[in-house]
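**Student:** got a sequence here, can you model it:
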Amino acid sequence: MSQYRKVRMSLYTLFVAVLFFNCARAQNKPASVPYGANSEAGHFLQVDDAKIYYETYGSGGTPLVLLHGGLYGYIEEFGDLIGELSKDRRVIAIATRGHGRSDIGTKPFSYALFADDALAVIRHETSGKVDVLGFSDGAVTSYTFASAHPELVRRLVAIGGPRKLADWTPNAQAEFRNTKPTDVERDSPQFVAERKKLMPQPERWVEFNERLAAMWAGPVYVTDAQIESIKIPTLIVAGDHDPYNQIPKFVELFQLLPKGELAVIPGCGHVVLDCKGPFTITAVKGFLDQREK
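**Tutor:** Residues are numbered from 1 along each chain as shown. Below is the predicted model:
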């Protein structure tokens, strides 16, 4: 089947399935859950130089590992997704080091380091294969993890994750180069205040930003060879108005994958789970629930 036909079929499936999902979701609205600060679901695991926090929900099926976005991202951004997918499978939502309740540690940040942290949590929780879903920074980590541990991943979903700094839009690249580590607290003081309440070492907030910025400077996060080595079924998801990533670059990434599928969410920017959550969750669930041929 041609790549173009695969794209058309993925989009058609999205439009049809979302009609059914919306009806079911309206009748089964989940109760409020403090995702990211849920003592009943939370766990800590010492991984080398950092204590990594994660939460687990549901049971059964192939476990789904969630890797959230960077800086502003955290476990709670997956709230609706966890609520829906944990109905028939176990969900393991990992807090990337430095984010929320996870330690920053002593090592320079890298996607390989984040993938190692995820590996430790996964192996602590299960001995079998897992599905992995990553958003933004978490998507880049998911590429790194899947390429390094192909025997552990059954299916992969990557939402809004670039391969390198050059994949960002020109405006996003310019904004990044003109941003200082102290700007987030100046521009979003309430967000930072709330995040510091979760952090084990809130006094390291600026250092945390510096470590992220150094990682984002890249210039390459994951190589084309690494992407080509991911031979498991992989769904790439992107908003068609993502202000941070160039859509043609997602198409290039999709075309590098031996078993890739591409879903472009119409009318959405970077955070497709907020823009069209039910639409996106339906696409993800449909992909993950497919039986292997």
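
**Student:** how about the helices of the stretch 1-150 of the chain, start to end?
**Tutor:** For the stretch 1-150 of the chain, the helices defined by DSSP state H, counting those that start in this stretch cover 3-27, 79-85, 111-125, 137-148.

**Student:** confidence-wise, which of those helices is weakest overall?
**Tutor:** Lowest mean pLDDT within the helices of the stretch 1-150 of the chain: helix 3-27, a mean of 38.

**Student:** show me where pLDDT drops low in the protein?
**Tutor:** By pLDDT under 70, the low-scoring segments of the chain are 1-31, 293.

**Student:** ok, the closest residue in space to P266 that isn't next to it in sequence - contacts?
**Tutor:** Using Cβ to Cβ, 6 or more residues apart in numbering and skipping the chain neighbours, the partner closest in space to P266 is D240 (5.5 Å). Just so you know, the C-beta spots here come from the backbone N, C-alpha and C atoms, and that holds for glycine as well. Residues in contact with D240 (Cβ atoms under 8 Å, 6 or more residues apart in numbering) are I247, V264, I265, P266, G267, C268.

**Student:** leaving out sequence neighbours, find the closest residue to G69.
**Tutor:** In space, G69 is closest to S136, 3.5 Å off (Cβ to Cβ, 6+ apart).

**Student:** wait, what's in contact with the one you found?
**Tutor:** S136 is in contact with H68, G69, G70, G73, I159, G160, G161, H270, counting by Cβ under 8 Å, 6+ apart.

**Student:** let me see the ranges of the strands in the stretch 51-200 of the chain.
**Tutor:** Ranges of strands within the stretch 51-200 of the chain are 64-67, 91-94, 130-135, 153-159, based on DSSP state E, counting those that start in this stretch.

**Student:** buried residues in the longest one, which are they?
**Tutor:** Of the residues in strand 153-159, those with enough neighbours to count as buried (16 or more other Cβ atoms under 10 Å) are V153, R154, R155, L156, V157, A158, I159.

**Student:** how about the third one, what does it touch?
**Tutor:** Just to be clear, that refers to R155. T62, D131, V132, I232, P233, T234, L235, F287, L288, Q290.

**Student:** again, only using 7 Å
**Tutor:** For R155, the contact set (Cβ atoms under 7 Å, 6 or more residues apart in numbering) comprises D131, I232, P233, F287, L288.

**Student:** surely the last one touches L133?
**Tutor:** Put plainly, it is L288. No - using Cβ atoms under 7 Å as the test, L288 is too far from L133 to be in contact (8.1 Å).

**Student:** could you check which of those two has the larger neighbour count?
**Tutor:** Using other Cβ atoms under 10 Å, the more surrounded residue of L288 and L133 is L133, with 27 against 20.

**Student:** returning to that earlier point: out of the contacts of R155, which sit inside helices?
**Tutor:** F287, L288 (DSSP state H).

**Student:** so which of the contacts of R155 is the most crowded?
**Tutor:** Result: D131 is most packed of those (other Cβ under 10 Å), 24 neighbours.

**Student:** ok, it touching L288?
**Tutor:** Yes - contact criterion Cβ under 7 Å: D131 and L288 qualify, at 5.5 Å.

**Student:** which residues are common contacts for these two?
**Tutor:** L64, R155.

**Student:** on that earlier part again, export the strands of the stretch 51-200 of the chain to CSV and append columns for distance to K107.
**Tutor:** Compiled in CSV, those are given as follows (distance: least, Cβ to Cβ, whole Å):
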stretch, distance to K107
strand 64-67, 18
strand 91-94, 17
strand 130-135, 20
strand 153-159, 24
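
**Student:** which of those sits closest to V33?
**Tutor:** strand 91-94 (11.1 Å; Cβ to Cβ).

**Student:** in its sheet, what does that closest one sit against?
**Tutor:** strand 50-57 (antiparallel), strand 64-67 (parallel) (DSSP bridges).

**Student:** could I get the ones you listed in JSON lines, plus columns for mean neighbour count?
**Tutor:** Formatted as JSON lines, the strands paired with strand 91-94 follow (neighbours: other Cβ atoms under 10 Å):
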{"stretch": "strand 50-57", "mean neighbour count": "22"}
{"stretch": "strand 64-67", "mean neighbour count": "28"}
